[in-house]
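1. please find the sequence and the predicted model below.
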Amino acid sequence: MDTLLSSHYQKVAGLLAGLLLFAAGIVCSIAFGVTNIDWRTIVESYTAFNGSQEHLIIQTARMPRALIAAAVGASLAVAGALMQGITRNQLASPSIFGINAGAAFFIVTGSAFFGASGLSTFATLAFIGAAFTATLVYVLGSIGNDGLTPLKVTLAGAALTAFFSSLSLGVLLTGGQTFDQVLYWFVGSVAGRDMNIFTAAAPFMGIALLGALVVARHMNVLALGEDVAVGLGQKTVYIKLAAGIIIVLLAGGSVSMAGPIAFIGIIIPHLTRYLVGIDYRWVIPYCAVLGGNLLLAADIGSRYIAFPKEVPVGVMTAIIGVPFFVYIARRGGHS
Amino acid sequence: MNGWFTLRGRKHSFQIDRRTVAMTVLLIIANLAAIVVCVGLGSTSISPLAVIRTIIGIGESSDSMIIFSLRLPRVIIAVLVGSALAVSGALLQGIVRNPLTSPDIIGISGGASLGTVVFILYFSHVSIRFMPLSAVVGAFAAAFLIYLFAYRRGITPLRLVLIGIGMATALTAVTYMLILTASFTPTAVAVKAFTFMTGSIYGVSWERDVLTLLPWIFILLPVAFIYARHLNVQELGDEVATSVGSPVHVKRTILLFISVALAGAAVAIGGAINFIGLMAPHIARKLVGPAYGGVIPVSALIGSLVLLLSDLVARVAFIPLDIPAGVFTAAIGAPFFIYLLYRHRSGA
């Protein structure tokens, strides 16, 4: 298979370059915005915090925002890669399959009707919602004797997204929420979140990312086809279950941090396969790094596209993502 | 044949299915009953008898104010928008020969929303009469793009639907961006635009909404009814249709034109109300069989009935709050969609 980076060294070098870009992206995300902050001030805010306005902006607004963008981008990209592997459907991703909308709906409902509050509760609700929707989509998509076809599962995902977002809107409007809060649960944004939101879900996502690296080896076997994998002695049910749990943790965690952000899970895995091929041991780390980079870049872009107003980053990713989606769908939509 | 009766004119004759006629009459009665109930219920309830008395002009004046200026326009809009969406969906399902499509799923409604939001934000000084036009232009642009992207040595329904879903997401994102970035947008307008995108017929008026929408529906629905017979032939497949003498592509383009225009006009006033275009034609086919001469009027009646009832629940269930009717059409529509997926499990 022709890939851009073929040898082992090139792949390692590429990954390191990606990591450097990642670090640079975080620094840029902290530095640029309505108030530009110079490098020395950023360093000072860590070494000698003096409570000045700029230091406060860095510590309470920009830093959580950068970290959340990085974590959410990485998680959604890896979740997308795993989903495409399990369903053997190149259009699979948390947003297209309605998992993001489902997780958002559970959080919205939990806080409106059952008095759920506190960030760890939100994270738990998001996990439950993601698990519920993922199961539902998988079952609905596999109805019938031709199994999990791209069309059925994509339609089921689109229907569930419409269903859950409409219900979320109803719940939010009956609860008398403000426009900003409502919008947040529909398009996803990393702005205005504080550090606690990050720390509440980050451990789960960290564990899930590590789990994805562990399961990568087995995903390679599964990619040969269910029959071959069973023939080689793999317990495919366990591998799928493990990957499913990882996907739920990644997607649910992302939604609890940033709302439903679209298309990262589609763009990045495809880009990654173009770069390093289909070996999941490379695909997973590359997805994490590139996904983080893309969302950081999209977030920085979202501050400038309608300066001085900000556009939610979910809008940006949708606009970047659709050409990709069209391209993949034109190619046939399945591997 | 039993179950049919024939009308003969000098040049034309029609075979009419008794069952279709019975269903149509039944649904018209159901619609009228729903209209009376919808007009009566609300924060101030008015008994059905009083409603009828008021409408024929012998009721009390306190009721007539509520009925004529508040509730009736809204009910009429529900009827118009519901039937337009339903017929648009029925035509579209016939054109692409995929029972799982509808204007909202494949992004045509998204284009119409975008057109309307552009109109609200940038052309608000122009007469409101042009709003449906703006929506229809948006719907056509979206339909054209979807068709263009899906075209690759012909169109397959699969690719059309997949690309449509992607386009729907993109168009929604662009619409959000326009709402948010229009620097002069006060929050109230943004909220309005947002509610609009879910589909709500809240606060409609005779002047602004009913009169704007009415001409579109009055022209397009009969045209759809007359043209729908070409769909019966097309259902047989392109080759058969061509060989029995139907100019397939010309007719298909005209049908698509009607379908898109109906969806656009409906969205301009009612917003992107989901799932009616999907559900109504299926229920209609279940009731009167697959011939489009029956499916079109019956779906129109079912569409209007569904929207009337959804809007009633949306308006009454959480008084004093008024929830967008689109929330409830989605709540009924998504399970229905899942049922369809299940029924078409071996095809699609």
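-> Perfect, thanks for sending it.
2. what are the boundaries of the helices in the stretch 151-300 of chain A?
-> For the stretch 151-300 of chain A, the helices defined by DSSP state H, counting those that start in this stretch cover A:179-187, A:195-222, A:226-231, A:236-258, A:264-276, A:280-304.
3. let's have these in CSV, adding mean pLDDT and mean neighbour count.
-> Every C-beta, even on glycine, is put in place using the N, C-alpha and C of the backbone. Formatted as CSV, these follow (pLDDT from 0 to 100; neighbours: other Cβ atoms under 10 Å in any protein chain shown):
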stretch, mean pLDDT, mean neighbour count
helix A:179-187, 66, 19
helix A:195-222, 89, 18
helix A:226-231, 84, 13
helix A:236-258, 90, 24
helix A:264-276, 88, 24
helix A:280-304, 91, 24
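4. adding distance to residue A:58, write those helices out as TSV.
-> Shown next, in TSV, are these (distance: least, Cβ to Cβ, whole Å):
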stretch	distance to residue A:58
helix A:179-187	23
helix A:195-222	12
helix A:226-231	49
helix A:236-258	19
helix A:264-276	25
helix A:280-304	15
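5. reformat the ones you listed as TSV; add distance to chain B.
-> TSV is the format used below for those (distance: least, Cβ to the nearest Cβ, whole Å):
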stretch	distance to chain B
helix A:179-187	5
helix A:195-222	22
helix A:226-231	20
helix A:236-258	15
helix A:264-276	9
helix A:280-304	10
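6. let's verify residue 10: helix, strand, or coil?
-> Here I'm looking at chain A. Secondary structure, DSSP: H, G, I helix; E, B strand; the rest coil: residue A:10 is helix.
7. actually, chain B is the one I wanted.
-> Here residue B:10 is recorded as coil under three-state DSSP.
8. likewise the one 5 residues further on?
-> Put simply, residue B:15 is strand when judged by three-state DSSP.
9. and it, how many neighbours?
-> Applying other Cβ atoms under 10 Å in any protein chain shown, we find 11 residues neighbouring residue B:15.
10. how about residue B:120?
-> Applying other Cβ under 10 Å, we find 20 residues neighbouring residue B:120.
11. which helices and strands sit right next to the strand or helix carrying it?
-> Take DSSP states H and E as the rule and residue B:120 turns out to sit in helix B:108-122. Judged by 3 or more Cβ pairs under 8 Å, 6 or more residues apart in numbering or on different chains; DSSP states H and E, helix B:108-122 is in contact with helix B:131-150, helix B:157-181, helix B:187-198, helix B:248-270.
12. check which helices and strands the host helix or strand of residue B:89 is in contact with.
-> Using DSSP H and E, residue B:89 sits within helix B:72-96. Judged by 3+ Cβ pairs under 8 Å, 6+ apart, the packing partners of helix B:72-96 are helix B:18-40, helix B:157-181, helix B:211-227, helix B:229-234, helix B:248-270, helix B:276-288, helix B:292-316.
13. can you say which of these is nearest to chain A?
-> Chain A lies closest, by Cβ to the nearest Cβ, to one member of the helices and strands packed on helix B:72-96: helix B:157-181, at 3.4 Å.
14. give me the angle between that closest one and helix A:264-276.
-> 110 degrees (axes from the mean of the first three to the mean of the last three Cα atoms, to 10 degrees).
15. what average pLDDT does helix B:157-181 get?
-> In this model, helix B:157-181 has an average pLDDT of 80.
16. quick one on the thing from earlier: and of the helices and strands packed on helix B:72-96, who's closest to residue B:86?
-> Nearest of the helices and strands packed on helix B:72-96 to residue B:86, taken as Cβ to Cβ: helix B:292-316 at 2.5 Å.
17. tell me how far the closest one lies from the chain's centre.
-> 9 Å (Cα atoms, centre = their mean, to the nearest Å).
18. please apply the same query to stretch B:212-226.
-> 12 Å.
19. buried residues in that stretch?
-> By 16 or more other Cβ atoms under 10 Å in any protein chain shown, the buried positions in stretch B:212-226 come out as B:212, B:213, B:214, B:216, B:217, B:220, B:221, B:223, B:224, B:225.
20. which element is the most centrally placed residue in chain A on?
-> In chain A, the residue lying closest to the centroid (Cα atoms, centre = their mean) is residue A:76, at 1.9 Å. Assessed by DSSP H and E, residue A:76 sits inside helix A:63-87.
21. that helix: which residues count as buried?
-> For helix A:63-87, a neighbour-count test (16+ other Cβ under 10 Å) marks A:63-87 as buried.
22. what pLDDT does the residue in the stretch 1-150 of chain B that chain A sits nearest to get?
-> Closest approach between the stretch 1-150 of chain B and chain A, counting by Cβ to the nearest Cβ: residue B:149, at 5.0 Å. For residue B:149, the pLDDT comes out at 86.
23. I'd like the helices and strands packed on helix B:108-122 laid out as CSV, including mean neighbour count.
-> Converted to CSV, the helices and strands packed on helix B:108-122 look like this (neighbours: other Cβ atoms under 10 Å in any protein chain shown):
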stretch, mean neighbour count
helix B:131-150, 22
helix B:157-181, 23
helix B:187-198, 19
helix B:248-270, 23
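24. now render the ones you listed as a markdown table, adding distance to residue B:306.
-> Output for the helices and strands packed on helix B:108-122, formatted as a markdown table (distance: least, Cβ to Cβ, whole Å):
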| stretch | distance to residue B:306 |
| --- | --- |
| helix B:131-150 | 21 |
| helix B:157-181 | 21 |
| helix B:187-198 | 16 |
| helix B:248-270 | 12 |
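25. with respect to residue B:322, which of those helices lies nearest?
-> Proximity to residue B:322 (Cβ to Cβ) singles out helix B:187-198 among those, at 9.3 Å.
26. average pLDDT for that closest one?
-> Taken as a whole, helix B:187-198 has a mean pLDDT of 67.
27. again with stretch B:238-245
-> The pLDDT scores in stretch B:238-245 average 79.
28. now stretch B:4-18
-> 74.
29. which SS state does residue 5 fall under?
-> Just so you know, I chose chain A. At residue A:5 the chain is in coil, as set by three-state DSSP.
30. I was after chain B.
-> strand.
31. ok, it touching residue B:18?
-> Yes: using Cβ atoms under 8 Å, residue B:5 is in contact with residue B:18, at 6.5 Å.
32. contacts only, for the residue nearest to the spatial centre of chain B.
-> Taking Cα atoms, centre = their mean, the centroid of chain B lies closest to residue B:85, which sits 1.0 Å from it. The contact partners of residue B:85, by Cβ atoms under 8 Å, 6 or more residues apart in numbering or on different chains, come to B:103, B:262, B:263, B:266, B:270, B:273, B:276, B:277, B:280, B:303, B:307.
33. what's the neighbour count on the residue lying closest to the fourth one once chain neighbours are set aside?
-> So the one you mean is residue B:266. Setting aside the residues directly before and after it, residue B:266 is nearest to residue B:84 in space (Cβ to Cβ, 6 or more residues apart in numbering or on different chains), at 3.8 Å. Counted with other Cβ under 10 Å, the neighbours of residue B:84 add up to 32.
34. I'd assumed residue B:218 was in contact with residue B:84.
-> No: using Cβ under 8 Å, residue B:84 is not in contact with residue B:218; the gap is 10.7 Å.
35. hang on, the earlier thing: now the helix holding residue B:120: buried residues?
-> For helix B:108-122, the neighbour count (16+ other Cβ under 10 Å) marks B:108-121 as buried.
36. got it, and stretch A:12-27?
-> Buried positions in stretch A:12-27, judged by neighbour count with 16+ other Cβ under 10 Å: A:14, A:15, A:18, A:21, A:22, A:25, A:26.
37. again, but for stretch A:111-127
-> Residues of stretch A:111-127 classed as buried: A:111, A:112, A:116, A:119, A:121, A:122, A:123, A:124, A:125, A:126, A:127 (neighbour count, 16+ other Cβ under 10 Å).
38. what parts of the stretch 201-348 of chain B come near chain A?
-> Within reach of chain A by Cβ under 8 Å from any Cβ of the partner chain, the stretch 201-348 of chain B has these residues: B:274-275, B:318, B:321, B:323-324, B:326-331, B:333-335, B:337-338, B:341-342, B:345-346, B:348.
39. ok, now with 10 Å
-> B:272-275, B:278, B:314, B:317-318, B:321-324, B:326-338, B:340-348 (Cβ under 10 Å from any Cβ of the partner chain).
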